[in-house]
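Chemist: give me a 3D structure for the following:
(one chain, ligands or ions: 2)
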Amino acid sequence: MRKFILDLDTGIDDTLAIAYALGSPEAELIGITATYGNVTMSQGIRNDLAITDLFGHAEVPVYAGLPHATNKNTFEVLEGSRLIHGKNGIGDVTIPDSPRCQEASSAIDFIINSAHKYGKDLTYVATGPLTNIAAAVKQDPSIKEIMGGIVIMGGALTVTGNVAPWREANISQDPEAANALFTSGAQCTMVGLDVTLQTLLTTNETKQWRALGTPAAAFLSDMTDYYIHAYELTSPGLGGCGLHDPLAVAVAVDPTLVKTLDVNLKVETDGATRGRTIGDKDRLNDATKTTQVAIKVDVERFLDEFMTRTSLVVSE
Ligand code: BDR
Ligand code: CA
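Modeler: Ligands and ions are numbered 1, 2, ... in the order given. Predicted coordinates for the structure are as follows:
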């Protein structure tokens, strides 16, 4: 079975990504590496431990990553993130703290060691800023060739961003890290806002979870209803909440869910367009392309898989 690492800033849709991974028989979640973004890294770790416990998967270890962006000393949760994900990152829903703690070793060491241990059987999915994977590739560049795949939720090729017109949240938190990864030669699949804003969830689906009658299902539906409401306030007329992070996991499990465009990308790190994902002029015509950008998604099939897999996880 393929081994998965999820790198998360947990976050409501990050939680949905955990549920998708745990409900996927093709994937074994061997660890969560924590990052910052929707919440501080320490809140993210607390969420990861509590959520995996609630979902009946206390065997999943959680590793602490780097607590702030490459070129910063501190990290503050943005007001926009609090609005979308709640103060605690999980829609201000309360779930019991886990009796477990984070692992003693760092996220960076865990990523590097897992790449060497599992090689092509390892898929890494990042649904927050790319600080941890960029640091791991910098520390041990050989993992680029060894690992089976890197899938990221972040950026946008065509649509406007969600932080500023040219900026998507995950990339804009650490443009230096994202640029380092995209220009490192590592093969990455980018699942950006171009496709994730086509995969929307509504209260019709959260009602289906709630009907399962378990504490985990109640948590998932309460938390996601908060997210849907936040989307109604911030993106009126969209018609639901964006399933950003679970789509990245779904693509890692089954790449045929999306059509991709091969392109060498970079991230602008200077000036007014800092954080924008854009074609790299210097590598545009290179024969080897390192980023596969998702440009079309089979919405119906994804939503079907999403409901089946997440329902499986919260039905007991
Ligand atoms: C991304 O930003 C975060 O708010 C979400 O969890 C998702 O990973 C969407 O731009
Ligand atoms: Ca996220």
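Chemist: CA only for contacts and neighbour counts going forward, please
Modeler: Will do.
Chemist: part of a helix, is residue 111?
Modeler: Yes - according to DSSP: H, G, I helix; E, B strand; the rest coil, the state of residue 111 is that of a helix.
Chemist: how about it, what does it touch?
Modeler: 5, 133, 136 (CA atoms under 8 Å, 6 or more residues apart in numbering).
Chemist: residue 243 now?
Modeler: 13, 196, 197, 199, 200, 201.
Chemist: rerun that using 7 Å as the cut-off
Modeler: 13, 196, 199, 200, 201 (CA atoms under 7 Å, 6 or more residues apart in numbering).
Chemist: near ligand 1, which residues of the stretch 51-200 of the chain? Just list them.
Modeler: Neighbours of ligand 1 within the stretch 51-200 of the chain, by CA under 6 Å from any ligand atom: 127, 128, 153, 154, 168, 169, 170.
Chemist: these in strands, which ones?
Modeler: residue 153 (DSSP state E).
Chemist: and the pLDDT at residue 72?
Modeler: Listed pLDDT for residue 72 reads 95.
Chemist: let me fix that, I meant to ask about residue 154.
Modeler: For residue 154, the model assigns a pLDDT of 98.
Chemist: re earlier: quick one: which of the contacts of residue 111 is most hemmed in?
Modeler: residue 133 (25 neighbours; other CA atoms under 10 Å).
Chemist: gap between that residue and residue 33?
Modeler: 10 Å (CA to CA, to the nearest Å).
Chemist: show me where this structure has helices.
Modeler: For the chain, applying DSSP state H gives helices covering 12-22, 41-54, 79-85, 107-118, 131-139, 143-146, 169-173, 175-182, 193-196, 203-210, 215-234, 244-253, 299-314.
Chemist: please list the residues of the chain that sit near ligand 2.
Modeler: 14, 127, 128 (CA under 5 Å from the ion).
Chemist: any chance of those in JSON lines, with pLDDT and neighbour count too?
Modeler: Putting these into JSON lines (pLDDT from 0 to 100; neighbours: other CA atoms under 10 Å) gives the following:
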{"residue": "14", "pLDDT": "98", "neighbour count": "27"}
{"residue": "127", "pLDDT": "98", "neighbour count": "30"}
{"residue": "128", "pLDDT": "98", "neighbour count": "28"}
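Chemist: for those residues, which one is nearest residue 234?
Modeler: residue 14 (19.0 Å; CA to CA).
Chemist: who's in contact with the closest one?
Modeler: 8, 127, 245.
Chemist: how about residue 196?
Modeler: 242, 243, 244, 247 are the contacts of residue 196 under CA under 7 Å, 6+ apart.
Chemist: same question, residue 218
Modeler: Applying CA under 7 Å, 6+ apart, the residues contacting residue 218 are residue 210.
Chemist: and it, what pLDDT?
Modeler: 98.
Chemist: please apply the same query to residue 78.
Modeler: 91.
Chemist: which residue packs closest to it, ignoring adjacent ones?
Modeler: residue 38 (7.6 Å; CA to CA, 6 or more residues apart in numbering).
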